[in-house]
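K.L.:
output the structure for:
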Amino acid sequence: MAENKSWFRKHPMWTVIIVLVVIGFIGILFSPSETTPTKIIKQTIVTTAQPTLDYSVELVRDYEIIEIEDISMKAMDKPLSAYSLSEIEKLPTNIRKRYRVVVPSDISKAEFKSTLIQLIMDETKKNPDIDEIAVLVYDRKEDADSVYTFGKVDWCPNGEWADVTTKIASSNDRSSYEYVFDIKNKVGNIDSEDRPTEREFEIYDTYEEALWEDVNVPEEEVRERVANELGISEEELDKIYIKVLAYNMK
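P.N.:
Numbering: from 1, shown residues only. The predicted model follows:
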């Protein structure tokens, strides 16, 4: 024991170090265990259409869906020719929908945008698997089987109709999606004098239907027959037909 005391007296620095190590070790053994929790960041995937600055619920007008067409295809990351048949079978489906809808003729451009955004949000909420949507817009149901008369909107990744990748189709990640509008100039600017009357629309529809009943019948014969049935001259029929056609294309 005396020798031990003598060693500590001769080596005071080592004595201090040993004491500190022992105290530290005891502190570790008896101190309460504390761990810093790891913060887990969850990345939320947007799976449905979202509103933009163009959207206001107060501007949404009534609309009627006339037709929904399924134009789906395989989602691809490279040209079709670069895939084998077995690879094509395994590719996810790019679910595409084309809508034909009718809106009020007095709708404004701002209401037009809000209404179509609302439609797309409603449809993707019902079916989050929809990858792309095109909406063709009309102000009359009778024209809904032809070229859009009021405008259209595409909802797709980066505003590009062909940008759905296999990853997007599989994950339903809509974070890169945009609305791309094509609105006719007449929307929100229709003068009552420019818009055909209901009678003129009726004459146009009758003539248009007759023209497509039998494409082999000469147009002159169809014009004469329809004019007689409607009790108007052929010149008046032509004038009304051109007026409505110009309105639809405006």
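K.L.:
ok, residue 171 touching residue 45?
P.N.:
Yes - counting by Cβ atoms under 8 Å, residue 171 touches residue 45, with 6.3 Å between them. The C-beta positions use only the backbone N, C-alpha and C, and glycine is treated the same way.
K.L.:
the more surrounded of the two?
P.N.:
residue 171 (13 against 10; other Cβ atoms under 10 Å).
K.L.:
now do the contacts for the more buried one.
P.N.:
residue 45 (Cβ atoms under 8 Å, 6 or more residues apart in numbering).
K.L.:
direction included, what does the host helix or strand of residue 152 pair up with?
P.N.:
Assessed by DSSP states H and E, residue 152 sits inside strand 151-157. Using DSSP bridges, strand 151-157 pairs in its sheet with strand 132-138 (antiparallel), strand 177-183 (antiparallel).
K.L.:
can you put those strands in CSV and add mean neighbour count?
P.N.:
Shown next, in CSV, are these (neighbours: other Cβ atoms under 10 Å):
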stretch, mean neighbour count
strand 132-138, 23
strand 177-183, 17
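K.L.:
what residue ranges in this protein score low on pLDDT?
P.N.:
1-44 (pLDDT under 70).
K.L.:
which residue packs closest to the residue nearest in space to the middle of the chain, ignoring adjacent ones?
P.N.:
For the chain, the residue nearest the mean C-alpha position is residue 155 (2.7 Å; Cα atoms, centre = their mean). Spatial nearest neighbour of residue 155, excluding adjacent residues (Cβ to Cβ, 6 or more residues apart in numbering): residue 133 at 4.4 Å.
K.L.:
mind splitting this protein into its structural domains?
P.N.:
57-183, 198-249 (automatic domain parsing).
K.L.:
residue 190: which of the ones you listed is closest?
P.N.:
Nearest of the domains of the chain to residue 190, taken as Cβ to Cβ: domain 57-183 at 6.4 Å.
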